[in-house]
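Participant: below is the sequence, then the predicted model.
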Amino acid sequence: MNSLQQLQALDLETKIMKTKARIREWYYHFGGQVYVAFSGGKDSTVLLDLVRSEFPEVPAVFVNTGLEYPEIVEFVKTIDNVVELKPKMNFTEVIKKYGYPVISKEQSYYIYQAKNTKSKKLLNLRMNGGTKGSFKISEKWKPFLSSDIKVHSNCCNVMKKNPFKLYDKKTGRKPFIGTMASESQLRKQQWNKYGCNSFEGKQMSKPLSFWTEKDIWMYIKSKNLPYSKIYDVEGISRTGCMFCAFGLHMEQSPNRFQIMNKTHPQIHKYCVENLGLGEMVDFMNKNCKCSINLYEAPEQLKLY
C-alpha cells in the first residue's frame with residue numbers, strides 16, 4: 001500500500017481516478033445503500049460531485065444545526081436530493097448542559113472531567129498527566145478549574161454526529177465523509193490505521209483522505225463547480241459551526257469572530273452577548289494569558 005505522503009504527491013487526475021475507485025468499492029460493498037454526509041462546505045461539495053459522477057441517485061444528508069453560515073444553508077438549498085436532519089438539542093441547550101466549545105476538544109473535555117469526576121485516579125491523571133505528561137490539562141488552562149465557566153467538547157456529538165447516527169440506524173445506509181488526513185494529526189492516524197474505506201467498527205468511507213486543500217480548489221476550478229459564496233470572504237477558509245471557538249486562541253488577526261463582526265454583525269452580537277462568548281474570552285484574556293480580540297477587523301476586509 002502506498003504511503004500517505006506518496007498518495008498526497010500524486011497529480012489531481014490520478015487522485016480523482018483512485019478516489020472514484022474507492023467510491024465504487026464502498027457503493028458495491030453495501031449494495032448502493034450509501035449516502036454523502038454533506039455540510040455544504042467545499043470539501044463535501046467536491047465529494048458529492050465525485051460520488052454522483054458515478055452514482056447520480058446517492059442522497060446527500062445535511063444536518064441543519066442552526067450554527068451554519070446563512071450562505072451555507074442557502075447553497076445547500078440549491079442541491080438536489082438532500083435529506084435535511086436536525087439535532088434534538090439546540091446550541092443554547094448544549095452549552096447550558098455541557099459547556100462552551102473552546103480551547104480544543106481534548107483540553108475542554110479534560111477540564112470538564114476534572115471539574116465533575118468523583119474519581120481521584122482520573123482527577124490525578126488530568127492534573128498531572130500519564131506517561132510523558134500526556135492526558136493532562138495544560139497549565140495555561142487550569143484557571144478554568146476554579147471558575148464557574150463550563151467548557152466541553154460534546155457539542156459536535158450532540159449537534160452533528162448523533163443525527164447522522166440515527167439516520168444510519170434508521171436507513172441502514174453507510175456514509176461517505178469528505179475529510180482529509182492533512183487536516184489534523186488524528187485524521188492522519190486514522191488513515192494510517194483504516195485507509196480510506198473502513199469496513200469494520202465505525203463503518204465509513206473517506207475517499208478524499210489523501211487529497212489536500214489545494215486539490216479541492218483545483219477540482220472546483222477545473223470543473224467550474226458551484227460552491228458557497230462564503231468562501232469568497234477574505235479570511236474564511238473553513239466553514240464549520242459559526243459559534244465554535246475551538247482553536248480561537250491560536251488564530252492571528254483577523255480571527256473568525258472579528259471577520260464575523262463585519263460580515264454578520266447581528267449573529268456576532270448574539271453569540272458574544274447572548275451565548276456568553278464575550279464572558280468566556282474576557283476570562284481567558286484575564287486568567288489564561290490570552291489576547292483574543294472579538295471585534296476589530298481590517299477596514300478593507302474583502303467581502304463577496
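Facilitator: Arrived safely.

Participant: how about low-confidence regions in the stretch 201-304 of the chain?
Facilitator: 297-304 (pLDDT under 70).

Participant: where do the helices sit along it?
Facilitator: Under the criterion DSSP state H, counting those that start in this stretch, the stretch 201-304 of the chain contains helices at 213-223, 256-263, 265-269, 277-287.

Participant: show me the contact partners of the third one.
Facilitator: It refers to helix 265-269. Helix 265-269 has contacts (C-beta atoms under 8 Å, 6 or more residues apart in numbering) with 242, 257, 260-261, 294. The C-beta positions use only the backbone N, C-alpha and C, and glycine is treated the same way.

Participant: what sits against the most centrally placed residue in the chain?
Facilitator: Among the residues of the chain, the one closest to the centroid is residue 240, at 5.3 Å (C-alpha atoms, centre = their mean). Residue 240 is in contact with 39, 41, counting by C-beta under 8 Å, 6+ apart.

Participant: look up how far residue 78 lies from it.
Facilitator: 20 Å (C-beta to C-beta, to the nearest Å).

Participant: helices of the stretch 1-150 of the chain, residue ranges please.
Facilitator: Going by DSSP H, counting those that start in this stretch, the stretch 1-150 of the chain shows helices at 4-8, 12-29, 42-54, 70-76, 91-97, 105-116, 120-128.

Participant: buried stuff in the longest one?
Facilitator: Along helix 12-29, the positions that meet the burial threshold by neighbour count (16 or more other C-beta atoms under 10 Å) are 15-16, 18-19, 22-23, 26-27.

Participant: and it, what other elements does it pack with?
Facilitator: When contacts are defined as 3 or more C-beta pairs under 8 Å, 6 or more residues apart in numbering; DSSP states H and E, helix 12-29 sits against helix 42-54, strand 174-176, strand 197-198, strand 204-205, helix 213-223.
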